[in-house]
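*Asks:* Compute the structure for the input listed below.
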Amino acid sequence: LVLARPDMKAVLVGSVVPRIPRGALMAATGLVGATIMPHNLYLHSALVLEKLPQQRDARTLQLYSRYHLIDALVALNAAVLVNTGILIMAAAAFWSSNQVVLTLEKAHELLRNTAPKVAGIDLAPILFGVALVAAGQGSTLACTMAGQFVMEGFAGWTIPALARRLATRLLALIPALAVVLLMGN
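*Replies:* This next block holds a predicted model:
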């Protein structure tokens, strides 16, 4: 974010008085959905329920609720800060230079030579790739775990945890692997 040198005045103004350019409503809606991440709300709620204390007097439950509220606020706000940082970096690196970025290859190409090289290696595109893989893994994990809890609640499934986790993760990976094998280069 620091290397992209965003216009901090524009960032602050946009944070207080947001506006959506003509024709950008669908993109803005997608960004809001990706930032709020409802699957993480489901997942966090399920994890809280799994760890309910054995002792359930009013004082214990009040403390338990307070700690989990703090936990949820920290986790979700950290995710919002990371997503906001990504958007600000993208706007500073791509939008300000009037570059239209419709593919990951184009983003990778535009990131070349935007940061200092270390031992002759251009780090910006590499860090971009690592960040995408990490984000994808985090989303896959959170979504499959949330799906596990939802299916347990709706379908009443009582599959052993290890079998359930293996099955849901394989189901999440099969379509991605198929796309990579069929379309990837």
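*Asks:* Let me know the outermost residue of the protein.
*Replies:* Farthest-out residue of the chain from its mean C-alpha position, per C-alpha atoms, centre = their mean: residue 57, at 36.2 Å.
*Asks:* what's the distance between that one and residue 144?
*Replies:* Distance of residue 57 to residue 144, computed by C-beta to C-beta, to the nearest Å: 35 Å. Any C-beta I mention is one placed from the backbone N, CA and C, and that applies to glycine too.
*Asks:* likewise residue 88?
*Replies:* Relative to residue 144, residue 88 is positioned 29 Å away (C-beta to C-beta).
*Asks:* Over to residue 94?
*Replies:* For residue 94, the distance to residue 144 - C-beta to C-beta - is 31 Å.
*Asks:* same check, this time on residue 117
*Replies:* Distance from residue 117 to residue 144, by C-beta to C-beta: 38 Å.
*Asks:* just residue 105 next, same as before
*Replies:* 28 Å.
*Asks:* Strands of the protein, start to end?
*Replies:* Applying DSSP state E to the chain gives strands spanning 117-118, 121-122.
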